[in-house]
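**Student:** output the structure for:
(one chain, ligands or ions: 1)
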Amino acid sequence: MNDRVLVVAPHPDDETLGCGGTLLRLHQQGAELAWLIVTGISEEFGWTSERVKQRDTEICEVAKFIGFSQVFNLRLPTTRLDSVSMQELINQFSVVFKSFEPQQLFLPNRSDAHTDHRVVHDAAAACTKWFRYPSIRRVLAYETISETGFGLGAESEFHPNYFVDISDFLERKLKVVAIYQSELGTFPFPRSIEAIRALAAVRGAASGFVAAEGFQLLRERQ
Ligand SMILES: [Zn+2]
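**Tutor:** All right, here's what the predicted structure looks like:
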């Protein structure tokens, strides 16, 4: 059931913030992990070559640390995903889903503030029909601190109903978070070590663990 796990990340770091502890735990349990990184930065869109190289190094380090056996990096333009047609995105996801054949899928939350997250959610959701992707057994939405809960409106809520005990993995998750040094800020900035630790405590308090990650179960078939 948990053997083949695919996490879909609009940007590198979403996978770690949303499910880093759970991924570390699944890896220790023997699961095979794959990482689909949808967007990337490039010199074409104004990033320095040093920054682009640094990002690639970070991705390698994170992949090694978490234990991803496969990394699919689509390198689509970051913050401009809505300029890519939905059909094109679905086609590219479909190739990855059919190649890896995940059983468990982690997606960004549908109502996150960032349009890239919403677009990625929709494209990935289009690749979950059982008759086209029969391997998929469980689909979970993860929360990304700094994006989830920052949309406005009643529909922007995240309702965690599935919790994973990461008490033994929180410190290692924070080490992975620290690899993305340039994305971190000073508390109360949401992407700070203090805020990430606090969210783990809140999700843990909701589920009876010292530290947890919360997910929204979108579909499961057994
Ligand atoms: Zn993101």
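
**Student:** from now on I want contacts and neighbour counts done on CA atoms only, so please keep to that.
**Tutor:** Will do.

**Student:** and the longest helix along the chain, what other elements does it pack with?
**Tutor:** As assigned by DSSP state H, the longest helix anywhere in the chain is helix 49-66. Packing partners of helix 49-66 (3 or more C-alpha pairs under 8 Å, 6 or more residues apart in numbering; DSSP states H and E): helix 14-28, helix 170-179.

**Student:** for Phe169, which non-adjacent residue is closest in space?
**Tutor:** Leaving aside its sequence neighbours, Phe169 sits nearest to Gly21 (C-alpha to C-alpha, 6 or more residues apart in numbering; 5.3 Å).

**Student:** is that neighbour in contact with Val176, as I believe?
**Tutor:** No: contact between Gly21 and Val176 fails when scored by C-alpha atoms under 8 Å: they sit 9.6 Å apart.

**Student:** out of the two, which sits in the busier spot?
**Tutor:** Taking other C-alpha atoms under 10 Å, Gly21 and Val176 do not tie; Gly21 has more neighbours (29 against 22).

**Student:** if I look at that one, how far off is Ala205?
**Tutor:** According to C-alpha to C-alpha, to the nearest Å, Gly21 stands 16 Å off from Ala205.

**Student:** picking up where we left off before, now do the longest helix of the chain against helix 170-179, angle only.
**Tutor:** Put simply, helix 49-66 runs at 160 degrees to helix 170-179, going by axes from the mean of the first three to the mean of the last three C-alpha atoms, to 10 degrees.

**Student:** in helix 49-66, what's buried?
**Tutor:** Neighbour-count burial for helix 49-66 flags Arg55, Glu58, Ile59, Val62, Ala63, Ile66 (criterion: 16 or more other C-alpha atoms under 10 Å).

**Student:** go on, stretch 94-101?
**Tutor:** Judged by neighbour count (16+ other C-alpha under 10 Å), stretch 94-101 contains these buried residues: Ser94, Val96, Phe97, Phe100, Glu101.

**Student:** for stretch 79-88, same thing?
**Tutor:** So stretch 79-88, judged by 16+ other C-alpha under 10 Å, has buried residues Thr79, Leu81, Met86.

**Student:** what of stretch 159-175?
**Tutor:** Neighbour-count burial for stretch 159-175 flags Pro160, Tyr162, Phe163, Val164, Asp165, Ile166, Ser167, Phe169, Leu170, Arg172, Lys173, Leu174 (criterion: 16+ other C-alpha under 10 Å).

**Student:** among those residues, which two are most distant?
**Tutor:** Pairwise distances across those (C-alpha to C-alpha) peak at 22.5 Å, for the pair Pro160 and Arg172.

**Student:** and the strand or helix carrying Val119, what's buried?
**Tutor:** Assigned by DSSP states H and E, Val119 falls within helix 115-125. Buried residues in helix 115-125, counting neighbours by 16+ other C-alpha under 10 Å, are found at Thr115, Asp116, His117, Arg118, Val119, Val120, His121, Asp122, Ala123, Ala124, Ala125.
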